[in-house]
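Student: Here you go, sequence then predicted model.
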Amino acid sequence: MPTVLIIGASRGIGLEFVRQYLIEGWEVHATLRTPDSHLPLKGVSGNLHLHRLDVRYSDQIRNLANTFLNHPIDVLIHNAGVSKSSGGAKEIMKINSEAPIELATALLDAVAQSAQKKIVLMTSQMGARGGSTAKLDPYGESKAQLNDHFRSLVSAWSEKKIRAIVMHPGWVRTDMGGPSAPLSVEESVRGMMDVIRNLSLQQHGSFLTWRGDTHPW
Ligand SMILES: NC(=O)c1ccc[n+]([C@@H]2O[C@H](COP(=O)([O-])OP(=O)(O)OC[C@H]3O[C@@H](n4cnc5c(N)ncnc54)[C@H](OP(=O)(O)O)[C@@H]3O)[C@@H](O)[C@H]2O)c1
């Protein structure tokens, strides 16, 4: 079965990706800041492998990449993100904008060695620089910078035949999205997995929603 690596899987959208890919029988690798004490994934059946990672630390990103030196990753999903941080705007930028690019770059060869060669970086409609959804507070700005950086790498990544997108998961009922959000995590992740399953080479470099629509930058 194919292999998926989900970055930031302790709760919310990341945890639901783990659940649904396990149900589909995939080999699932999931990163958590504290895998030893993580209750929701204890006793989960299936081909699940947990890894320790706080995306703020480059040495931990390098360690994770070393684990996958000879282990192809069909689908890499960078989901970890924060809307607020005690470390302020600088830390929000580090986690939401710098870490996904650093991590995807470190794992690029592992993805390129796989059959599917897919990368999904979780962005937000609030990171669109134009249109009605733009919200350039520190969170929106961090996602906008992620989008900008992603777009600057698209042609280099296409040389390796990688299919990479940034994706807006919808407004989802999680700790971050809050209880008023219209979408459940199950619906959002089901939609995103359909988009990932059908991702074509032509869509490489796109900003897509959980429904597969193209989102304006
Ligand atoms: N929910 C929405 O409506 C919505 C809308 C647009 C975009 N998004 C994006 O979707 C992604 C997931 O959101 P969510 O709603 O599931 O959020 P969430 O419930 O707040 O979960 C955030 C996840 O990111 C992890 N994380 C945070 N900082 C980390 C770090 N330094 N290192 C490693 N992992 C870290 C958390 O781990 P810990 O448990 O260890 O903190 C947790 O697993 C985020 O990128 C978010 O920006 C969400």
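Tutor: Right, received. Where do you want to start? In this text, all values refer to a predicted model and were calculated from it rather than measured experimentally. Numbers count the residues shown, from 1 in each chain.
Student: make it CA atoms for all contacts and neighbour counts henceforth
Tutor: Fine.
Student: Tyr23: what's it in contact with?
Tutor: You called it Tyr, but residue 23 is Ile. Neighbouring residues of Ile23 by Cα atoms under 8 Å, 6 or more residues apart in numbering: Gly46.
Student: Near Gly130, how many other residues are there?
Tutor: By other Cα atoms under 10 Å, 13 other residues sit near Gly130.
Student: What distance do you get for it to Pro216?
Tutor: Separation of Gly130 from Pro216 (Cα to Cα, to the nearest Å) stands at 8 Å.
Student: Next, give phi and psi for the residue minimising distance to the centre of the chain.
Tutor: Centroid-nearest residue in the chain, with Cα atoms, centre = their mean: His78, separated by 2.3 Å. Dihedral pair for His78: phi -90, psi 100, per degrees, to the nearest 10.
Student: what does Pro138 give?
Tutor: The phi/psi pair for Pro138 (degrees, to the nearest 10) reads phi -50, psi -40.
Student: Enumerate the residues of the chain near the ligand.
Tutor: Residues of the chain lying near the ligand by Cα under 6 Å from any ligand atom: 8-14, 33, 53-56, 79-82, 95, 122-124, 168-177.
Student: one more time with 5 Å, if that's ok
Tutor: Within the chain, the positions near the ligand by Cα under 5 Å from any ligand atom are 8-13, 33, 54-55, 79-81, 122, 124, 171-172, 174-177.
Student: Buried members of the residues you listed into ChimeraX, please.
Tutor: Applying 16 or more other Cα atoms under 10 Å to these, the buried members can be selected in ChimeraX as follows:
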select :8,9,10,11,12,13,33,54,55,79,80,81,122,124,171,172,174,177
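Student: From the residues of the chain next to the ligand, which land in strands?
Tutor: Among the residues of the chain next to the ligand, DSSP state E puts Met122 in strands.
Student: So what's the residue count around the residue lying closest to Pro169 once chain neighbours are set aside?
Tutor: Among residues not flanking Pro169 along the chain, Trp210 sits closest, at 4.9 Å (Cα to Cα, 6 or more residues apart in numbering). Using other Cα under 10 Å, Trp210 has 21 neighbouring residues.
Student: separation between Trp210 and Asn70?
Tutor: Separation of Trp210 from Asn70 (Cα to Cα) stands at 31 Å.
Student: Also Thr214?
Tutor: The value you get for Thr214 to Asn70, if Cα to Cα is used, is 34 Å.
Student: quick one, which of those two is more surrounded?
Tutor: Using other Cα under 10 Å as the criterion, Thr214 and Asn70 rank with Thr214 on top: 14 against 11.
Student: Quick check: the more buried one vs the ligand, distance?
Tutor: In this view, Thr214 and the ligand are 15 Å apart by Cα to the nearest ligand atom, to the nearest Å.
Student: Ser206 too?
Tutor: Taking Cα to the nearest ligand atom, one finds Ser206 at 16 Å from the ligand.
Student: All set now, cheers.
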